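# Test case, fold it:
(one chain, ligands or ions: 1)
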Amino acid sequence: MLTEKWWEVAVVCPFALEDSVYWAFEQLGSKGTASQQKDDSRIVTAYFPQVQFGPSDFEQFEARLLDTTDASVQVSWKTIENEDWAKSWKTHWQPEAVGDRLLINPAWLTPPDTQRTILTLDPGSAFGTGAHATTQLCLKALEKQAITNATIADVGCGSGILSIVALLYGAKQIYAADVDPLAISSTHSNATLNGVSEAALQVELGSLPEVIAIAKQAGDLPVDGIVCNILSEIIVGLILPRLSELAGPKTWGILSGILTSKSAWVEEHLTAFGWQVVEIVHQDEWCAMTIRLADER
Ligand SMILES: C[S@@+](CC[C@H](N)C(=O)[O-])C[C@H]1O[C@@H](n2cnc3c(N)ncnc32)[C@H](O)[C@@H]1O
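Okay, here's the model as predicted:
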C-alpha cells in the first residue's frame, strides 16, 4: 500500500447535522468518509490528500460550516499515513442488511450465514458503502423493479454498488459512468469481488453523455432502467435535460440524493422534461423518486 500523506478532518456535531456535514465534505472534495457515535453526538471524519489540501482549506471549511448553524460543532484536522486511513474507517464498517433481500458485507470480513443476496464491497475511496440513506433508498427501490434480464444505466456509480446489486438480482447488462476516476477503479474491483464480468458492467469516466454513448453503441437503447444517486442540483442542472435519451415507454428511473426539502423543486423540473413521479420514498431527510416518462404510465 502507498504511504501517501492524508489529512484526517473530524467534525463533532449533533446527529441532525450529520448528512449536511457529509455533503459539505463531499463538496470540498473528500476522498472518503466515516462516521461514528460519540455520546449524543456524531463524529464525521473525512480524508483529503495532503498534496492537494492545506490548513487554509479546512479553516475556510470550518468558517462556512459554523456560519450555517447555531448548533455546537467542533472541527479539527491532522495528518495521517494512507495505511492509517484504511485501518481507521474499516473498523467502523460492519455487515449491513438493506431492504428485504440484500446483505452488504465488507470485503475483509467473513459474511454471516444468511438467505440474503450477499454483496461483497470494498469501496476504497469512492462513495457507496451502502451505509448512506441515499444509497439505501436506491437499493430498496431497486427491489421493487423487474430486474431479471434488464439493461440498466447507472449515472454516478461511485463504488459500483447499485450496478453490481442489479446484476446480482439478475440484470443482464449495466452501462455506468462517474466523473471521479477513483469511482471507476472501485467499480472495477468491486465487480471482480462479486464475480461480475467486465462485459456485463461497462463503466466509463464521465457522466450521462458517456452512458448514452456506450448504451447506444451496444444497440441497447432504450434501457429498461436508470439509477442516479447524485445531488438534486446536479440531477436538475446536468442530468434531466438529456435523461429521456436513455428512455422508452417502459423505462423506469430511480433518482436519489434528493433532500426532501427540495423534492417539489425536483418534481417541477421532472414534469418540465416530460417525466412523472410514480413513487417517492423517504429516509432521514432524504428521498428517492421512481419515475417514468409521462405519457406512458
Ligand atoms: C452520492 S454518490 C452515489 C454513489 C453510488 N451510486 C451510491 O448510490 O452509493 C454520487 C456519485 O456521483 C458522482 N458524480 C457527481 N457528479 C456527477 C456527474 N455530473 N456525472 C456523473 N457522476 C457524478 C460522484 O463522483 C459520486 O461517485
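# How far off centre is the helix or strand where L255 lies?
Per DSSP states H and E, L255 falls inside strand 252-259. Centre-to-centre, strand 252-259 and its host chain are 11 Å apart (Cα atoms, centre = their mean, to the nearest Å).
# ditto for stretch 101-118
19 Å.
# mind checking the end-to-end distance for that stretch?
9 Å (Cα to Cα, to the nearest Å).
# Mind checking if it is in reach of the ligand?
No. Contact check for stretch 101-118 against the ligand, using Cβ under 6 Å from any ligand atom: none in range, with a minimum separation of 10.6 Å. Any C-beta I mention is one placed from the backbone N, CA and C, and that applies to glycine too.
# list the buried ones in that stretch?
R101, L102, L103, I104, N105, P106, R116 (16 or more other Cβ atoms under 10 Å).
# and the helix or strand hosting the fourth one, what other elements does it pack with?
Element membership of I104, judged by DSSP H and E, is strand 102-106. Other elements packing on strand 102-106 under the criterion 3 or more Cβ pairs under 8 Å, 6 or more residues apart in numbering; DSSP states H and E are strand 96-98, strand 117-121.
# Tell me the first helix or strand C-terminal of the last one.
As assigned by DSSP H and E, the chain's next helix or strand after strand 117-121 is helix 133-143.
# Direction included, what does the helix or strand just after that following helix pair up with?
As assigned by DSSP H and E, the chain's next helix or strand after helix 133-143 is strand 151-155. In the sheet, strand 151-155 lines up against strand 173-178 (parallel), strand 225-229 (parallel) (DSSP bridges).
# now the angle between strand 252-259 and strand 151-155, please.
20 degrees (axes from the mean of the first three to the mean of the last three Cα atoms, to 10 degrees).
# Please state the offset of strand 151-155 from the chain centre?
14 Å.
# hmm, it touching the ligand?
Yes. Strand 151-155 reaches the ligand (Cβ under 6 Å from any ligand atom) through V155.
# so that strand versus helix 133-143, what angle?
Using the same axes, to 10 degrees, strand 151-155 lies at 170 degrees relative to helix 133-143.
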